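Student: Dropping the sequence and predicted coords here.
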Amino acid sequence: MAMSDSAPLPHPHRPGVIAIASGKGGVGKTFLSITMAHALARRRARVLLVDCDLGLANIDIQLGLTPKADLGSVLSGAMSVDQVVIHHPAGFDILSGRSGSAELASLGDAYGDRLRQLLAALASSYDAILLDLGAGLDRFVRDLASAADQLLVVTTDEPTSLTDAYAVLKLYQQDRRGSPLHARVAVNQSASKPSGQRTYQTLTRATLGFLGFTPPLAGIVRRDDKVAETIRRQALLLERHPVCPASQDVEALVDGML
């Protein structure tokens, strides 16, 4: 299987399976997932980035890749993981999803068990497996969120984004059924660090008041014009603009999760 040549991280620093969710689209979740994968690889972690959106996948598009096969081919049994995984030159592996397949998207629930079994089989091969979950709150997304070692909920300061982030956390608590909660919050596209703190506090007032728990803050990623430019070029932020504010913020977020 294609993997980074780096040695595994020490066990206490291995983040395991991280599900990255938002509830709604348009909050920069996929770009954050990609940049986190790159940041982890730069720390000599063996990283697999999985596009878990079975109908509107776009990791390959953001990276300018043209995969010949995807996660759907593995889950259907048509191909093995070894045949599908792409090794990115930046040092992390990618398991692409499939875009524009309504049929595959509708089979999400049926494929949930197969994907969880696949992730369990891959756990010993990687220090970190990042799951870029699809938008929405269907059973497939919820099952992956609750089964992951960590859940990272991405939000912005928009009221609809905060409402959806709260819904993700509420369902996560229900689905864990009394098990320990390992959810954190990332505030993305924030005007400033203080603004991001206020956004986080708005969300956690609701979670504490109605759900009885406060998910820790994983990090605040400031709004940065370099992000849009990097997406247009289908490039990696940490390569093109390694010291821009958003790069610094994602690096700090990853260090905190380690």
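Tutor: Everything's here; your move.
Student: Helices along this protein, start to end?
Tutor: 29-42, 59-62, 71-75, 81-84, 102-106, 108-122, 139-147, 159-176, 193-206, 225-232, 237-240, 245-257 (DSSP state H).
Student: Now these in a markdown table, please, with extra columns for mean pLDDT and mean neighbour count.
Tutor: Glycine gets a C-beta too; all of them are placed from N, C-alpha and C. Output for the helices of the chain, formatted as a markdown table (pLDDT from 0 to 100; neighbours: other C-beta atoms under 10 Å):
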| stretch | mean pLDDT | mean neighbour count |
| --- | --- | --- |
| helix 29-42 | 97 | 25 |
| helix 59-62 | 94 | 19 |
| helix 71-75 | 85 | 22 |
| helix 81-84 | 92 | 14 |
| helix 102-106 | 53 | 14 |
| helix 108-122 | 81 | 15 |
| helix 139-147 | 92 | 20 |
| helix 159-176 | 97 | 18 |
| helix 193-206 | 98 | 17 |
| helix 225-232 | 97 | 16 |
| helix 237-240 | 98 | 18 |
| helix 245-257 | 96 | 20 |
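Student: give me every residue that touches the residue of the chain positioned farthest from its centre.
Tutor: The centre of the chain is farthest from one residue, G209, which by C-alpha atoms, centre = their mean lies 26.8 Å away. Applying C-beta atoms under 8 Å, 6 or more residues apart in numbering to G209 gives no contacts.
Student: Read off the pLDDT value for it.
Tutor: Looking at G209, its pLDDT stands at 98.
Student: and what of M3?
Tutor: pLDDT, read off for M3, is 42.
Student: residues contacting the closest residue to L63 other than its chain neighbours?
Tutor: Excluding the flanking residues, the one nearest L63 by C-beta to C-beta, 6 or more residues apart in numbering is Q234, at 6.0 Å. Going by C-beta under 8 Å, 6+ apart, Q234 touches 61-64.
Student: which among these gets closest to K29?
Tutor: K29 has its nearest neighbour among these in Q62, at 11.2 Å by C-beta to C-beta.
Student: I'd guessed the closest one sits against F31; true?
Tutor: Yes. If you go by C-beta atoms under 8 Å, Q62 and F31 touch, sitting 6.4 Å apart.
Student: Common neighbours of these two, please.
Tutor: With C-beta under 8 Å, 6+ apart as the test, Q62 and F31 both reach I231.
Student: Longest strand of this protein, counting residues only.
Tutor: strand 183-190 (DSSP state E).
Student: Pull that strand out as PDB, backbone CA atoms only.
Tutor: Written as PDB, here are the backbone C-alpha positions of strand 183-190 (Å, rounded to 0.1, in the frame of the first residue of the first chain):
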ATOM      1  CA  ALA A 183     -15.500  16.200  20.000                       C
ATOM      2  CA  ARG A 184     -13.700  19.500  19.400                       C
ATOM      3  CA  VAL A 185     -14.700  22.700  17.500                       C
ATOM      4  CA  ALA A 186     -12.700  24.500  14.800                       C
ATOM      5  CA  VAL A 187     -13.800  28.000  13.900                       C
ATOM      6  CA  ASN A 188     -13.000  28.600  10.300                       C
ATOM      7  CA  GLN A 189     -12.900  31.800   8.100                       C
ATOM      8  CA  SER A 190     -12.800  34.000  11.200                       C
END
